[in-house]
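Visitor: fold the following, please.
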Amino acid sequence: MKLKTNLHFHSSEDPYHVIKHSLKEGIDKAASLKFDVLAITCHDFFVDTKDLENYAKEKGILLIPGIEIGIERGRVSKEGRHLLVLGCEKDAEKIYDFSDLRQYKKEHPEILVVAPHPYFYGNISLKDYLEKNIDTIDAIELSWFYSKIFNRNKKAENTAKKFNKPIIATSDTHFFDYMDRSFAFVETEEKTQKSVFEAIRKNKIENTTSPVNSIKDMLIRQCAFTIAD
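Guide: You can find the predicted model right below:
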């Protein structure tokens, strides 16, 4: 079966970013757009999804717990290089560096680690950390944030090809605007977290994405991010 997935989704439960929609509202929106799988990935904060799993299931959605950690951030600072850890538990909040991540993956081999927007500007992107720690990465994100002129995804695609890693489209949802513009169909045998993760590792992915209309639109959206933060 082909499952429509969004594996990078933020909601108002995030204590570090100002986001208008709640996870429940996000589930409703995802259902209206016929998504089958939704992963919650608040920044440095694990959201317990148990109370909403049945609600999501009734809407036809497999809800996956996750977190967008700031790795290599030190033991005090909340700054760091963004990394998605999916199918994890609350103890993933304690991953501070790649040494921690390697140990966590040994203890939780069922998780999926995705490198989001790895070559975008700013210190929140992995950049050189990606290739140096490619053994910890299961997939690389194809970001919605690009145009025909500006496209930092090209380098991500080259790295994915170089290391034979799957690349998967997400909408990095902070706003609903681009939620249905960038996503991935994943070919699975079952509608379970395990089956979805296995299919991604095997690159059974069909990405659907289109560029933002113009650089102006990108700048407006980036300003909205900055103001919200």
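Visitor: going forward, measure contacts between C-alpha atoms and count neighbours the same way
Guide: Fine.
Visitor: right, and L63 touches E53 too?
Guide: Yes - counting by C-alpha atoms under 8 Å, E53 is a contact partner of L63 at 5.9 Å.
Visitor: between the two, point out the one with more neighbours.
Guide: L63 (24 against 17; other C-alpha atoms under 10 Å).
Visitor: how far is the strand ranked longest in the chain from where the chain is centred?
Guide: If you go by DSSP state E, the chain has its longest strand at strand 62-71. On the basis of C-alpha atoms, centre = their mean, to the nearest Å, strand 62-71 sits 7 Å off its chain's mean C-alpha point.
Visitor: just the strands in the protein please.
Guide: Going by DSSP E, the chain shows strands at 2-9, 37-40, 62-71, 81-86, 112-115, 139-142, 167-169, 183-187, 205-208.
Visitor: can I get those in CSV with mean pLDDT?
Guide: Formatted as CSV, the strands of the chain follow (pLDDT from 0 to 100):
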stretch, mean pLDDT
strand 2-9, 98
strand 37-40, 98
strand 62-71, 97
strand 81-86, 97
strand 112-115, 98
strand 139-142, 98
strand 167-169, 98
strand 183-187, 98
strand 205-208, 98
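Visitor: right, and those - which one's nearest F46?
Guide: Nearest to F46, of all the strands of the chain, is strand 62-71, at 5.5 Å by C-alpha to C-alpha.
Visitor: quick one: the closest one to strand 2-9, angle?
Guide: Strand 62-71 and strand 2-9 meet at an angle of 40 degrees, taking axes from the mean of the first three to the mean of the last three C-alpha atoms, to 10 degrees as the criterion.
Visitor: that older thread, let me have the strands of the chain in a markdown table, adding distance to K105 as columns.
Guide: Converted to a markdown table, these look like this (distance: least, C-alpha to C-alpha, whole Å):
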| stretch | distance to K105 |
| --- | --- |
| strand 2-9 | 19 |
| strand 37-40 | 18 |
| strand 62-71 | 14 |
| strand 81-86 | 10 |
| strand 112-115 | 9 |
| strand 139-142 | 14 |
| strand 167-169 | 20 |
| strand 183-187 | 23 |
| strand 205-208 | 23 |
